[in-house]
Structure formats: structure tokens, C-alpha cells
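K.L.:
below are the sequence and a predicted model for it; my questions follow.
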Amino acid sequence: MRREGLTLIEVLIAMAFIGIVFAALAALQIGNLRITRAATLETARLEVALEQFESIKRSIEGNFDTFKSDCTVASPPPKCTVSDSEGRFEWEASISGDTIDEDGLVSVVVLVSDSLGSITFRQYVSCLDVATGDRPSVFSPGACTEGGS
């Protein structure tokens, strides 16, 4: 004699299956939240690094030759290394004018860190960024002159 409906065993098996599916979905969601948080922090660190780089770049462009000659690895003056904090992030920037000799480049390295990680951003400021006269081109190659920037 068969009654209509589900037995207690069938209901328990179905509930266990649904529980396993929900647990797997919850684990996926937690993983997604962790990845999203890490990406958000990485983006925020990069934004701070870019903001500091742009500020330093404006200073360098205002007096390129001084930064190129004064900011040497051997004995950098205080203006060549700066650090501060912004919100939850701490940042440190170093400026070096002799990393690539004779090429008219000033290296800027910005390190941004917090309690969960850090990012290093390295970029170069070229004498071409500040040149006002004839710029080197495909037809007229050459490095920037010391007095031409």
C-alpha cells in the first residue's frame, strides 16, 4: 500500500542536498568577497601612488636639471626622499637622477603600504616632459641637452 507524499527519509535527504548546495554557494560568495576586497585595496594603493607620483612629477618638471644633478644615489639630499601618510596608507617616494646616465631621465619610485600589503610604483620623468625648445624626434634623434630643459 503506497501513500501519496514523501517519506521522512526522502525529506531529510533532500534537505541535506539543499544544505550542501547552499554551503558551496556561501563558500563561493565568501571567496568572491575576499577577492573583491583585495582588488579594492590594491586599486586604492595604486591611486595613492599615482597621486603622489603626479605631485612629485610637477615638482621635478619645475626644476628638472636640479633634480637630475642633485638626486644621486650616493648622497641624496632630503628633497629626494619624501614620506607621509594618507588615510590608512603610508607612502614613501625616492627620486634618483643618475639611474640612467646621459638619457635625461629622473627615476621616481613610490612605495605605498598598509597593514595588509604594499605596492611599488616606478616611473620616469623625461627631459622631454619639460623641454621647451626643439625636441628629439625620429628625424633628429639625440638626448636632451642640460641647458635645453
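P.N.:
Arrived safely, thanks for sending.
K.L.:
buried ones in the lowest-mean-pLDDT helix or strand in the chain?
P.N.:
Least confident element among the helices and strands of the chain, by mean pLDDT, DSSP states H and E: helix 64-70 (a mean of 73). Using 16 or more other CB atoms under 10 Å as the test for burial, helix 64-70 gives 64, 65, 67, 68. C-beta here means a position set from N, CA and C on the backbone, and glycine is covered the same way.
K.L.:
out of those residues, which two sit at the greatest distance?
P.N.:
65 and 67 (7.4 Å; CB to CB).
K.L.:
pLDDT value on the spatially closest residue to residue 51 that is not a sequence neighbour, please?
P.N.:
Leaving out its chain neighbours, the residue that sits closest to residue 51 by CB to CB, 6 or more residues apart in numbering is residue 86, at 8.0 Å. Note on residue 86: pLDDT of 78.
K.L.:
count the neighbours of residue 86 for me.
P.N.:
13 (other CB atoms under 10 Å).
K.L.:
can you pull out the helices in this protein?
P.N.:
Taking DSSP state H as the criterion, the chain contains helices spanning 8-62, 64-70.
K.L.:
okay, those helices in a markdown table with distance to residue 111 next?
P.N.:
Compiled in a markdown table, those are given as follows (distance: least, CB to CB, whole Å):
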| stretch | distance to residue 111 |
| --- | --- |
| helix 8-62 | 8 |
| helix 64-70 | 19 |
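K.L.:
how far is the least confident helix or strand of the chain from where the chain is centred?
P.N.:
Relative to its chain's centre, helix 64-70 lies at 25 Å (CA atoms, centre = their mean, to the nearest Å).
K.L.:
show me where pLDDT drops low in this protein?
P.N.:
1-2, 72-79, 98-104, 130-149 (pLDDT under 70).
K.L.:
contacting residues around the residue nearest in space to the middle of it?
P.N.:
The C-alpha lying nearest the average C-alpha coordinate of the chain belongs to residue 46 (CA atoms, centre = their mean; 3.0 Å). Residue 46 makes contact with 112, 119, 121, according to CB atoms under 8 Å, 6 or more residues apart in numbering.
K.L.:
just the buried ones from the residues you listed?
P.N.:
Using 16+ other CB under 10 Å as the threshold, 112, 119, 121 are the buried ones among those.
K.L.:
which residue is the nearest non-sequential neighbour of residue 88?
P.N.:
residue 114 (5.3 Å).
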